[in-house]
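*Asks:* Following is a predicted model, sequence given first.
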Amino acid sequence: MKTEQIIDFCFQKETKAITHIDRDALQKCELRPQEAHLKIKDGQFSIVRQHENQDELRSRFLLSLFSCRDAFESEGLNLSDLDCEFIFNSGDDVDFYEEGAPRWCFTRRAHHANLLIPNSHIVNVENVRKSFSSTDINFQKKKDKAVFAGSYCGGSNPRENQRFRFCWENQNSQFAHFKITNFFMDGAPNGHGEYLKQYDWKKIEGDFLPPSEQLKYKYIFNINGNTNSWDRLPWAMNSNSLCLFLRPKREDMCWHYHYFKTFGGFVYVDETDWEASVEFFNKNPSIAEKLALFQQEQSAPFVSVENHVKYFVKILAFYNKIYRAN
């Protein structure tokens, strides 16, 4: 498939369930933390209303998408022609849906008809991908182990936190280098320390591990946090390593998941038998490398900021059309 076809496929899948915008619902719905009700008209933005809790960095990224005027013009879209209002949720976990008032968001539950847009981590993904010429090595030269290095997110309770539970239960595995790099001990309402008292959590604490170090391993684990794992999945899939996706406890979506779910790319493993997969791949490296090469091919369109912008332009034109149709 050509890149344009891949983007269009994801766009068609993402917008199929959104048939109308209820302007009255937009005006009356309660705004949740990190939500802003925005308006664009004659090329100008204005804030209709917003929750007091905002993520300024992610809000600025949204505005930066609108600055890509060359991309808009190439698709025949002029910002001055836009006249619509929308609600943007910059949070990690949009776990609800309101009929007629879909949220613009970075991630959503698979069964909710909110509207996915690119997230700010794509800039980092592209930078990591560009560094591969100096940081990545041939699959055969990598360590015969799996690596995971990520923060403690996905729930304060360690019994419900898939990242913590997986790292804790496999801390002595001969096939693993699994570490939690930031426990956010003061981050939860009572700090995560309150929940971790019964664990000697220092055993699985590790320093930040940059992509250049993770690329030394044949297998890079992707483990969802609050929802999806933001930037690791696309750059790991696009590397010479094999990205193993620990089967998540629920199905969340980023916009490009539509392509992987239909045409392949994810290599799922389960918590109970993942070691058998790694052991098999180590005994059959040509099979593992073939899977890694397939992941490279499948993920290639999604490690480019330009392609994410092209998808966003389609979403914007679609939303403006159905908004004005009401």
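*Replies:* Perfect, I can see it now.
*Asks:* can you pull out the strands in the stretch 151-300 of the chain?
*Replies:* 176-182, 217-222, 242-246, 252-253, 268-269 (DSSP state E, counting those that start in this stretch).
*Asks:* and of the ones you listed, who's closest to V313?
*Replies:* Nearest to V313 among the strands of the stretch 151-300 of the chain is strand 252-253; the distance by Cβ to Cβ comes to 19.8 Å. (Glycine included, C-beta is placed from N, CA and C.)
*Asks:* who does the closest one pair up with?
*Replies:* Note on strand 252-253: by DSSP bridges, its sheet partners are strand 108-109 (antiparallel).
*Asks:* So what touches the partner strand?
*Replies:* Here strand 108-109 makes contact (Cβ atoms under 8 Å, 6 or more residues apart in numbering) with 94-95, 97, 114, 116, 250-253.
*Asks:* low pLDDT regions in this protein?
*Replies:* Within the chain, the stretches with pLDDT under 70 are 185-193, 229.
*Asks:* what domains does the record give for it?
*Replies:* What automatic domain parsing lists as the domains of the chain is 3-121+304-324, 124-302.
*Asks:* Would you format these as TSV with mean neighbour count included?
*Replies:* Shown next, in TSV, are the domains of the chain (neighbours: other Cβ atoms under 10 Å):
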stretch	mean neighbour count
domain 3-121+304-324	17
domain 124-302	18
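*Asks:* before we move on, what SS does the nearest residue to D24 once chain neighbours are set aside have?
*Replies:* Take D24 and drop its neighbours on the chain: the residue closest to it by Cβ to Cβ, 6 or more residues apart in numbering is G100, 7.9 Å away. At G100 the chain is in coil, as set by DSSP: H, G, I helix; E, B strand; the rest coil.
*Asks:* Next, the contact list for G100, please.
*Replies:* G100 touches 20-22, 24-26, counting by Cβ under 8 Å, 6+ apart.
*Asks:* ok, now S120?
*Replies:* Contact analysis of S120 by Cβ under 8 Å, 6+ apart lists 57-58, 61, 106.
*Asks:* got it, and N170?
*Replies:* 176, 178, 274-275.
*Asks:* Quick one: end-to-end distance for stretch 163-178.
*Replies:* End-to-end distance of stretch 163-178 (Cα to Cα, to the nearest Å): 9 Å.
*Asks:* Geometrically speaking, which residue is the centre of the protein?
*Replies:* The chain has W230 as the residue nearest its centroid, 3.4 Å off, counting by Cα atoms, centre = their mean.
*Asks:* Just give the closest residue to that residue, not the sequence neighbours.
*Replies:* Nearest to W230 is H121, by Cβ to Cβ, 6+ apart, at 4.2 Å.
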